[in-house]
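K.L.:
everything below, folded, please.
(2 chains)
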There are 2 protein chains.
Amino acid sequence: MRIDALDKACGRERYAVDETPPDCLWAGALRAGIPHGRITALDAARARETPGVVAVLTRADVPGTNRQGIVHKDQPVLCGNRVRHCGDAVSLVVAESRDALAQALSRIRLTLEPLPGVFDPAKALAPDAPLVHSGRDDGNLLARGLMEKGDAPAALARCAVVVEGRFETPMQEHAFLEPPNGLARLAPSGRLDLVVSTQAPFRDRFEIGQALGIDPQRIRVRAPYLGGGFGGKDGATVQCLLALAALRVPGRWIKMVWSREETFLAGYKRHRAVMDIRLGADADGTLAALECRMLFDVGPYAHLSAEIMALGMEHAAGPYRIPNTRVEGLCAYTNNPVGGAFRGFGVVQATFAMERAMDLLAGRLGRDPAGLRRQNALRAGEANGVGVSAEPGTDVAACLDAAMAHPLWAERKAWKMAAPPFIRRGVGLTAMHNGMGYGRGLPDHAAAKLELTRQGTFRLYNSVPDMGQGNAPTFAAMAAKALNQPQTAFTLLQPDTQRCPPAGSSSASRTTYTFGNALLGACRAMATKLRHRASLALLCDEPDRLVLVPGAVSDPATGRAVPLAVLAGFLSRDDRICIDQHTMAVVQNPPATGREFRFGFPHRFYAYGACLCGVEVDTLTGTARLVQCFLAVACGKVFSLEGVEQQLHGAAAQGAGLALYEDPVLQDGHMRAGDLCTYLLPTAADLPDMDCLALDDDEPTGPMGLKGMGEIAVHGPGPAVAQALQDAAGFFATRLPVSPEQVLAAMEDAFS
Amino acid sequence: MRIDALDKACGRERYAVDETPPDCLWAGALRAGIPHGRITALDAARARETPGVVAVLTRADVPGTNRQGIVHKDQPVLCGNRVRHCGDAVSLVVAESRDALAQALSRIRLTLEPLPGVFDPAKALAPDAPLVHSGRDDGNLLARGLMEKGDAPAALARCAVVVEGRFETPMQEHAFLEPPNGLARLAPSGRLDLVVSTQAPFRDRFEIGQALGIDPQRIRVRAPYLGGGFGGKDGATVQCLLALAALRVPGRWIKMVWSREETFLAGYKRHRAVMDIRLGADADGTLAALECRMLFDVGPYAHLSAEIMALGMEHAAGPYRIPNTRVEGLCAYTNNPVGGAFRGFGVVQATFAMERAMDLLAGRLGRDPAGLRRQNALRAGEANGVGVSAEPGTDVAACLDAAMAHPLWAERKAWKMAAPPFIRRGVGLTAMHNGMGYGRGLPDHAAAKLELTRQGTFRLYNSVPDMGQGNAPTFAAMAAKALNQPQTAFTLLQPDTQRCPPAGSSSASRTTYTFGNALLGACRAMATKLRHRASLALLCDEPDRLVLVPGAVSDPATGRAVPLAVLAGFLSRDDRICIDQHTMAVVQNPPATGREFRFGFPHRFYAYGACLCGVEVDTLTGTARLVQCFLAVACGKVFSLEGVEQQLHGAAAQGAGLALYEDPVLQDGHMRAGDLCTYLLPTAADLPDMDCLALDDDEPTGPMGLKGMGEIAVHGPGPAVAQALQDAAGFFATRLPVSPEQVLAAMEDAFS
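P.N.:
Below is the predicted model:
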C-alpha cells in the first residue's frame, strides 16, 4: 500500500491550502475583467478605509522588474497602465479576514478604457491586427519554428496519395481539486518564506527574485502535496503576489487562495491550436511525407508557449516512420486567457491532428486504420519524425498489436451489432508517443536526499512535488526495495528549498525517472555506508559481504547483525545523510533542425502507446459516450501496476474530457463557461472502467528500468474517440470537443 | 608547500598539550614504583587535606570494568590490590593547580608488599615462574601462534647448508616530542568531552566506555595534531584516567600531562624479542627452509602483543622466496614495562633476525650478502613466507638493484680504503618489507567528509590523526589535486568523533591509503555534485562536460563559469557535504595457517625496500656511527617526494637508534635509563644526510596509486648497520643496540 494512502484517505495529509496559521492575513487580487484595455484610474481610497484592510497595493508598490515568465518574462505581477486579458491582476489587497478582503476588493474603483482586442491567433498575425504588446518587431508573433527532415514538399508531389486537413483542439482547464494558493511571510531575519501549491518550488525562488528584485537565496519555498497540478501550477500563480504582499506587510503570514472562478480567469490553460496537415503515402500505404503547420493561441503572455510548440512539433509526425517531414510552428499573442503547460504539453494537439490525418489516409486507401498504423510504426534504430534515432524500447508496434488483439477490436463487429436500440456503436484505435523529460538545452536534473534517522528509520527528502500522481510514495517504495526495508521504515518530507537538495519541476513525465535515478544513487550510497559502518560493529573485514535486512545489517557468514537503530546512534547527523543526483542524458548529435529552440528539443527517448476506444452514440440526441477504453503502453518497466493504471486512467479521463466535454466557450476573450457549473468535466459516472496493459518494456537508463508515464495516455482518447465516432456515426470530427449537435447533424446527413 | 607548514613553523598550530582552558583542574596518577607487589594500604587522608585538592580517587571510585586493552582487556585503570609493573597507576588526584597536584601525590601513603617478579620472557614460561596474573590456565603465556608453509623440518634436513642463530632486539621508547596528555570534561548535558593526544579517537570511546561503564555514544573525543605518536598513543594512556576524573568532578575541564619520566614509566614500549632461527639453502644459495621461533616480552598487560607477534611472524621469512617455513611465536607476561604498538609492529624484530640469518648464510656460502638476497628476492605471483601470493608491485628485487647500483655499494671498496686514521669503514645492504594496513579480520576502514563552505572554499574533515607524519596536509593536497583547486582553498579539521565520520587508528601505514581512498571518493562525489549543480546555473544539459577550475565550475563549450562562492550560496549545508568511505580489500582464500589470529593476518600487499648503510667505527673507542644511508623503496606512486623522504628519514633514524643507541637498561623491571638524560636517542648530529629513492611503483587499489610508507624504513638500519659493522670490524652482532664495548672487544679479538 502507498505509504500516504491512509493519511490521504482519512484527510490527515496536509496540502498548502490546509495551512492557515492563527492570525494570518489574507491577500487577494483585483482582476481586469476585460480582455484588453488601458487603466485610466485606480482609486483605492475607499478600499483602504475598509475596516480590517492592511494594505492595498498597485503597480507602484512592486519593486524589481514586475515581470514573470519561466523563459520569456512578459507577464506583470500587477498591471500598471494596460491589461491584456480578463485575468490580469491590477491591485493586491491584504486584509485581516476574507470578508474584509472581499469588501475591499469590491471597493476599488478601477477605470478601464477598452482597447480593440485580438482573439483569433490567425487574425493576430495579420498585419493590421491590434497589438497585444506594443514595440515588438514581430508584432503578435511570439515565436516561429521549423523542423525539417528530407524534402517534404518534393516528396508530397511524388506521392501516390496525399490527404490534407485542418484540425483544431480547444482550450482546456486543468480543473485540479486544489486551487492555486499559498502562504508567505517575510521573517525578521529577512528570509521570505513561502508555502505554495506549486510544481516548481526551486524555480519559484528565481521567478520571485527576478520579478521583485529579491536575492533568491533569501527565499524559501515549501511545496506540500498538491491537490492536482497537471502543468497549471508550473509557473507563477500566487507566488509573486504573495511575496509582494509579504514584502509590504512584513512579519505576518499572508494567505492567498484563488476561488474556482479566479482560477478559470487567471490560471494557465491548454493552448488552443489549429493544425494544417498534408500527409502523403505510396499506394501501399507506406508513409512518405508530412507537412504540418501548427498555430498556438498563446494568450497575452508567453509562459512556456514556445517550448510547448516545440514539443508539439517534435511529435507532429507521430510514432511513425516518415522519411520527409516539414513542421512549422507559430505562436501568436492574443487577448484570450494565458496558454501554458498542461499534461501532454503540445503533443495532445499534434497527436489529434496526425492521427486524424492517418484516418483520412486509411479512408482514402480503403485500409483498416489500425493496420495502416501498424505498417508504419516506428521501430528502434529508425529515425523518428525529427530525425532522432529511436532508442531500443520503441515499441509502438507492440502496443498496436496488443490493442488489435483486444476483444473490443478483434470482435468489434459483434459488439457493434449488439448495440441496444437507438444506440450506435463504434470503435477507434490510435497510436501515441510522448518524449521523456525536458529534452536538450535545459538540464533535466534532480538531487535526492536520504537520511538515516537517529532511530534507525529513514527520512526521504522529496525534491519534486507530488501533484497527486503518487511520485512521493513511489519514491518511498523504490527506496524501501533498494534498501530491503519495509515501506513503514520511511517517512517522506515534501519539497522544501531549504531542506531538500534542488530538482527541476514536477512535469514532463520526468519525476520518477530523474528523481528516481537520483534516489537510487542515494540508496546505493546509503547501503554502502551502512555496510561499511556496520562492518565496524560486526568486525567484518569485507563490508561488501554484509546485507541489509529489515531493520538491520547482517553478516550472512556469521549470522550476526547490528540493528540500524544501534548503528544510527554512532553516526553523526552528517554521516546519516546521503545525497545523489541525476541529470537525464541528452541526444548526442542532435539533428540540424529546430535550432531555434534553446530548450527542450529534441528528446532522447519516448513512451509509446495505443489507445482503443469504444463509443456509443445516442441516435436520438447525438450524445456520445466513451463506454470502453483499453490502453496499451510501453513506458519502461512497471514498478507499481496500480500506480501506472491510476496515471493511465487519469490521463485518459483528461483526454476524454478534451474529446467530448471540455470547452470554456471563448467569446472575445471571455470564457462563457468559466466555472465548474458550466464547464463540462467528465466525472467518474461519465467514464468507463478502463483496461490497461503495460508492456514488458525496459529502459536501461531508468531507475529500476522505468521511463515515465504521467502524460502518455492523455493523447489517445481525442483521436480514438473521433475515429470511433466515425465508425459509429460516420461523422469525421476535425475539432474537439465533439458536441452532440455535431454528431446528430452528421447522422441526420448520413442516414436521412 | 604543506598547508600546515607555516602554522607549525610559527608555533601557531594547536596540539592537545597547548589547550589549557582557564580555570581547568589538573589530574595526575600515583604510580606503583615497584614491578610487582600487593597493595596493603593506601592512605589518602593527608593528600585530601592538601589545599587545592579536589579529589583523590582509588580503585573503589572506578565504575565499570576497570579494564583497558584494545583486544585483550587486562589492564586496570587504577590498581586495587596488586601492581604488576612500576608504572601501574594506583591513585588519581585532581587538583586546582599543578603544584597542589604534585604535593597531594607526594602525600599519598602507599604501602606495597613486594612480590617476586618475572623479568625474562623465557623464564616467565617456566612452570615455577611467579605468575603475573593469577588464575590463568596458560600461566604467563599470553598467546602462542604457529604459521607453517610446506614442511620446514623435513626440508631443513635435506638442505645443503643450514645456519642458525639467536637474535635479540631491545625494548624501545617512542620518545615523541609531545608526551601523553589530554583534557576531559563531563558537560551538564551528560556528554563526556575529551581532547587527547591520541592515535585512535574513535576507538577511545569504546575503550573508555568499557572501562568505566559509560555509553560510548555519550563520549566525544577530539584529536588535534600530535607531536609524535609512533604507536605509543595507540591505546589508552591518559584517556580513562581523565574520563574517571571528569566523571567524579563534573562540569570542569580537567587536564593531565605526563612528564617525560612518567611517559617512560607508564607508556608502552617496543617489545623486547628473542628470535631463534634456522635457515637452510641449496648449495647454490637458493633458500629452501626456515624455522623461526619468536618470543616477545609482553610486560604485564597484553595491549596489542598477540597482534604484534602475528605481524612479526608473517614477516619472519623476509621478502624472500622460501618454499618451507615454520614460524612459532610466543608472548610471555612479565613484570617489565608494557609492550605495545611501535612503528614496525613486530616486523622490526623479525627483520633483524632474518636479515642476520641471511648474512650468516652468505658467510657460510662465501657469497656477497646482497647477491644472495637478490637471488632469493620474492617476485610478484610467488607465495610469500606465509603462503600469500605476492601482488604485482612486489619489487624488492628492484629495490636491491637500486641499492647495489648506488655508489656506496658499487664503490664500497674505494670508500672503505679512503677511511681516515683510526677509522674503519663498512657497508651493509639489507632488504625490507612491511604489510599494509590492518590485515584480515579487522575492517581497515576510514570515512572522509568534505564540505563546500558557504564561501566556496572547502573544509576537509580528517578522521585519522596526524601524528606529525603529515597525512593531514597530504589529504588537503590530494583533495586539491582531485578537485583542481589550490591548496589554499582547503582548511583542515582534525579528528573529532562528533564532527568527523569514523575511521580506524592512525597506524599500520594505513592512513594515506585508507583515508586517502575515502577522501578521493568524497572528492569524486563533490566534483559530480558541483558539476550537476553548476549545470543548473549554466543551463548546461551535459554536466559531465563541465570542468572544475580554481574557484569555479566552467563550461568549456561556452566559456561561461559559475564561481563556487555563488554556487555554494544556493546549496543547503547538507548539500554542501560529501562523505565517502573505504575499507581495504583483504586476501581472498587466505592460507590455512595462522588461524589462531582473529585480527591482522594475513596482509594483501606490502611495501618493499632495501637499506644501504655506511658505518664508521672508531678503532680506539669502538664507537660506531652511521655516516651514509641510502633507502630504496617500492611503496606505490609518490604523491609528495618530500613527504616520502621525511617519513623514510624519520623511520630510518628510529631504526638507527635501535641499532646503535637506544636501550632503557632494564634491571628487574626497572628502567635504569628511564629519561632523556640517560636514554640515548640519536639526534640530527648523530645521523647522516640520507639518500632516498622511491621506485616508480603503482598500487592499482591505492589513492593516486599510493600504498603506505610510514613504517618500511624503520626495518633497515638495524640489520644493515649490523652487516656494515661486520664488514668494518668483523663483529657479528646478534643483539641490538650494539655498544662500543662490544665492537671494541670484537676488534681486539679480530685484530689482536
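
K.L.:
residues of stretch A:19-38 that come out buried?
P.N.:
Using 16 or more other Cβ atoms under 10 Å in any protein chain shown as the test for burial, stretch A:19-38 gives A:19, A:24-32, A:34-37. The way it works is simple: take the backbone N, C-alpha and C, and place the C-beta from them, glycine included.

K.L.:
could you redo those residues as a markdown table and give each row pLDDT?
P.N.:
Putting those into a markdown table (pLDDT from 0 to 100) gives the following:
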| residue | pLDDT |
| --- | --- |
| A:Glu19 | 96 |
| A:Cys24 | 97 |
| A:Leu25 | 98 |
| A:Trp26 | 98 |
| A:Ala27 | 98 |
| A:Gly28 | 98 |
| A:Ala29 | 98 |
| A:Leu30 | 98 |
| A:Arg31 | 98 |
| A:Ala32 | 98 |
| A:Ile34 | 98 |
| A:Pro35 | 98 |
| A:His36 | 98 |
| A:Gly37 | 98 |
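
K.L.:
just the ones of those residues in helices?
P.N.:
Counting by DSSP state H, those place none of their members in helices.

K.L.:
quick one: which of the residues you listed is nearest to A:Arg545?
P.N.:
A:Glu19 (47.8 Å; Cβ to Cβ).

K.L.:
what's the distance between that closest one and A:Ala44?
P.N.:
Remark: distance between A:Glu19 and A:Ala44 (Cβ to Cβ, to the nearest Å) = 28 Å.

K.L.:
likewise A:Lys269?
P.N.:
Distance from A:Lys269 to A:Ala44, by Cβ to Cβ: 30 Å.

K.L.:
next one: A:His315
P.N.:
47 Å.

K.L.:
so what's A:Pro180 up against?
P.N.:
Residues near A:Pro180 by Cβ atoms under 8 Å, 6 or more residues apart in numbering or on different chains: A:Ser197, A:Gly232, A:Lys233, A:Thr237, A:Val238, A:Val257, A:Trp258, A:Thr263, A:Gly267.

K.L.:
near A:Asp575, how many other residues are there?
P.N.:
22 (other Cβ atoms under 10 Å in any protein chain shown).

K.L.:
surely it is within a strand?
P.N.:
No - per DSSP: H, G, I helix; E, B strand; the rest coil, A:Asp575 lies outside any strand segment and is helix.

K.L.:
I figured it hits A:Lys529, correct?
P.N.:
Yes - the criterion here is Cβ atoms under 8 Å, and A:Asp575 meets it with A:Lys529 at 7.5 Å.

K.L.:
any residues in contact with both of those two?
P.N.:
B:Ala447, B:Ile579.

K.L.:
between A:His315 and A:Ala44, tell me which one has more neighbours.
P.N.:
Neighbours were counted for A:His315 and for A:Ala44 using other Cβ under 10 Å; A:His315 has more, 29 against 21.

K.L.:
ok, now which ones touch the more buried one?
P.N.:
The contact partners of A:His315, taken as Cβ under 8 Å, 6+ apart, are A:Gly346, A:Val347, A:Ala350, A:Thr351, A:Gly385, A:His433, A:Asn434, A:Gly435.

K.L.:
not counting sequence-adjacent ones, nearest residue to the second one?
P.N.:
What sits nearest to A:Val347 in space, not counting adjacent residues and going by Cβ to Cβ, 6 or more residues apart in numbering or on different chains, is A:His315, at 4.4 Å.

K.L.:
avg pLDDT for the longest helix seen in chain A?
P.N.:
Longest helix in chain A by number of residues (criterion: DSSP H): helix A:516-538. The pLDDT scores in helix A:516-538 average 98.

K.L.:
what lines up beside the next helix or strand after it in the sheet?
P.N.:
With elements assigned by DSSP states H and E, the helix or strand that comes after helix A:516-538 is strand A:547-549. Strands that pair with strand A:547-549, judged by DSSP bridges, come out as strand A:552-554 (antiparallel).

K.L.:
list the contacts of the partner strand.
P.N.:
Contacts for strand A:552-554 (Cβ under 8 Å, 6+ apart): A:530-531, A:534, A:538, A:546-548, A:560-564, A:567.

K.L.:
at 6 Å what do you get?
P.N.:
By Cβ atoms under 6 Å, 6 or more residues apart in numbering or on different chains, the surrounding residues in contact with strand A:552-554 are A:Leu530, A:Ala534, A:Leu546, A:Val547, A:Ala561, A:Val562, A:Pro563, A:Leu564.

K.L.:
distance of A:Thr593 relative to A:His603?
P.N.:
Look at A:Thr593 and A:His603: by Cβ to Cβ, they are 14 Å apart.

K.L.:
A:Ala44 too?
P.N.:
The value you get for A:Ala44 to A:His603, if Cβ to Cβ is used, is 48 Å.

K.L.:
one more: A:Asp368?
P.N.:
From A:Asp368 across to A:His603, the span is 30 Å (Cβ to Cβ).

K.L.:
cool, and A:Ala534?
P.N.:
42 Å.

K.L.:
so who does the residue in the stretch 601-750 of chain A that chain B sits nearest to touch?
P.N.:
Per Cβ to the nearest Cβ, A:Arg604 is where the stretch 601-750 of chain A lies closest to chain B, at 10.3 Å. Residues in contact with A:Arg604 (Cβ under 6 Å, 6+ apart) are A:Val586, A:Val587.

K.L.:
from B:Gly468, how far off is it?
P.N.:
According to Cβ to Cβ, A:Arg604 and B:Gly468 sit 54 Å apart.

K.L.:
same deal with A:Ala561?
P.N.:
For A:Ala561, the distance to B:Gly468 - Cβ to Cβ - is 40 Å.

K.L.:
and what of A:Met467?
P.N.:
In terms of Cβ to Cβ, A:Met467 sits 58 Å off from B:Gly468.

K.L.:
over to A:Val386?
P.N.:
A:Val386 sits 64 Å away from B:Gly468, going by Cβ to Cβ.

K.L.:
which of those two has more neighbours?
P.N.:
Using other Cβ under 10 Å, the more surrounded residue of A:Val386 and B:Gly468 is A:Val386, with 24 against 20.

K.L.:
and the gap between the residue nearest the centre of chain A and A:Leu736?
P.N.:
The residue lying closest to the centre of chain A (Cα atoms, centre = their mean) is A:Arg343, at 3.0 Å. For A:Arg343, the distance to A:Leu736 equals 15 Å [Cβ to Cβ].

K.L.:
so is A:Ala143 in a helix, a strand, or just coil?
P.N.:
strand.

K.L.:
tell me the pLDDT at it?
P.N.:
For A:Ala143, pLDDT reads 97.

K.L.:
and it, how many residues sit next to it?
P.N.:
20.

K.L.:
name the element the residue nearest to it when sequence neighbours are not counted belongs to?
P.N.:
Here the nearest residue to A:Ala143 in space, its sequence neighbours aside, is A:Ala306; by Cβ to Cβ, 6+ apart that works out to 3.9 Å. A:Ala306 is part of helix A:305-315 when elements are defined by DSSP H and E.

K.L.:
tell me the helices in the stretch 151-300 of chain A, going along the chain?
P.N.:
For the stretch 151-300 of chain A, applying DSSP state H, counting those that start in this stretch gives helices covering A:152-158, A:201-212, A:239-248, A:260-266.
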